[in-house]
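K.L.:
Pasting a predicted model and its sequence here:
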Amino acid sequence: MNPRVQSAPQTRPLPREGAAVCVQGLTRRFGKGPPVLNHLDLTIAPGEFVALLGRSGSGKSTLLRTLSGLDPVNEGHVSCPQDVAVVFQESRLLPWKRVWKNIVLGQAGGDAGRRRAEAVLQEVGLSHRIDAWPMTLSGGEAQRAALARALVREPEFLMLDEPFAALDALTRLKMQQLVAGLWTRHGCAVLLVTHDVDEALLLADRAVVLDAGRIRTDIAIEPDRPRHHADPRFARLRSVLLDALGVHDD
Ligand SMILES: Nc1ncnc2c1ncn2[C@@H]1O[C@H](COP(=O)(O)OP(=O)(O)OP(=O)(O)O)[C@@H](O)[C@H]1O
């Protein structure tokens, strides 16, 4: 499918050349202050899993909003697939619709819709709550439902904005394992915003660090999958990332 291209009005859209996501020279300002994103460049290959880190206020959510077409491009170019899905820190399920109707919201409903919802709920381990009301779900279940709602659209590009931040440590670990499996099966490009360096190391092909409006650090994470938090090969990468975030682990 053709990519969605957003450009500042006075500039020409860029060709994409095989990338799922191509951001070039992206600048975003709010009011008269310094730009939050400042001539930012980022490319994500089809099927690549990229973790986006950065201090609080560094512009991570602003970048995601721009990629999803919710925020305008002040300067530069953004090229993204048309089929994009986003999962946020909170599930954003509609409380007046049962789980399965939330999953296929905006798509055909009926028996076929229910079957589609059931299949994807099965994948995220939530088929037993297909008829539940969102307010009866635990935090982990609600995030599983949010993942199902994203995946049922078979996106080419999935953005995850701190999806596990509000979950307890054990549930977070299970959700990380779930996402690793889903990504392997679905093969979409993923951009995961996280504050958790270990989460980035566990899941991503690349970790990028946003600092002063640009990507300052961009490292490949090479250990084979499945990965484990205790892998000694993570020590050096953890150190590089903590350093880039201004945290020293000595
Ligand atoms: N609508 C807005 N109007 C004015 N300023 C905004 C708006 N949205 C974001 N900002 C500012 O842009 C900067 C980046 O915000 P953003 O939410 O993108 O950061 P973040 O890296 O996602 O932070 P966090 O990790 O705390 O979620 C902040 O200084 C924020 O105050």
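P.N.:
Happy to help now that I have it.

K.L.:
Now do the buried residues in stretch 211-228.
P.N.:
The neighbour-count check on stretch 211-228 (16 or more other C-beta atoms under 10 Å) flags Asp211, Gly213, Arg214, Ile215, Thr217, Ile219, Ile221, Arg227 as buried. The way it works is simple: take the backbone N, C-alpha and C, and place the C-beta from them, glycine included.

K.L.:
Check the offset of that stretch from the chain's centre.
P.N.:
14 Å (C-alpha atoms, centre = their mean, to the nearest Å).

K.L.:
Can that stretch be said to contact the ligand?
P.N.:
No. Applying C-beta under 6 Å from any ligand atom, one finds stretch 211-228 out of contact with the ligand, separated by at least 9.2 Å.

K.L.:
ok, and what's touching that stretch?
P.N.:
27, 34-42, 54-55, 58-59, 180, 184, 200-210, 231, 233-234, 237, 240-241, 244 (C-beta atoms under 8 Å, 6 or more residues apart in numbering).

K.L.:
would you list every one of the strands in the protein?
P.N.:
Along the chain, counting by DSSP state E, strands occupy 4-7, 21-28, 37-44, 49-54, 75-80, 84-87, 157-161, 189-193, 206-211, 214-220.

K.L.:
would you list the ones you listed in a markdown table and tack on mean pLDDT?
P.N.:
Listed next are the strands of the chain as a markdown table, based on pLDDT from 0 to 100:
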| stretch | mean pLDDT |
| --- | --- |
| strand 4-7 | 74 |
| strand 21-28 | 95 |
| strand 37-44 | 96 |
| strand 49-54 | 97 |
| strand 75-80 | 92 |
| strand 84-87 | 94 |
| strand 157-161 | 95 |
| strand 189-193 | 96 |
| strand 206-211 | 96 |
| strand 214-220 | 93 |
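
K.L.:
So which of the ones you listed is nearest Leu147?
P.N.:
strand 84-87 (5.8 Å; C-beta to C-beta).

K.L.:
Run the contact check for the closest one versus the ligand.
P.N.:
No. Strand 84-87 is not in contact with the ligand by C-beta under 6 Å from any ligand atom; minimum separation 13.3 Å.

K.L.:
Centre of the chain to that strand, how far?
P.N.:
7 Å.

K.L.:
Kindly report the same for stretch 51-66.
P.N.:
11 Å.

K.L.:
could you give me the average pLDDT of the longest helix along the chain?
P.N.:
Across the chain, the longest stretch assigned as helix under DSSP state H is helix 169-186. Mean per-residue pLDDT for helix 169-186: 91.

K.L.:
rewinding a little: just the buried ones out of the contacts of stretch 211-228, please.
P.N.:
27, 35-38, 40, 42, 54-55, 58-59, 180, 200-210, 234, 237, 241, 244.

K.L.:
mind giving me the domain ranges of the chain?
P.N.:
17-83+155-249, 92-154 (the TED database).

K.L.:
In TSV, list these along with distance to Arg4.
P.N.:
Shown next, in TSV, are these (distance: least, C-beta to C-beta, whole Å):
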stretch	distance to Arg4
domain 17-83+155-249	5
domain 92-154	15
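
K.L.:
what's around the nearest residue to Ile130 once chain neighbours are set aside, how many residues?
P.N.:
Nearest residue to Ile130, sequence neighbours excluded (C-beta to C-beta, 6 or more residues apart in numbering): Trp100, at 4.8 Å. The tally of other residues near Trp100 (other C-beta atoms under 10 Å) stands at 25.
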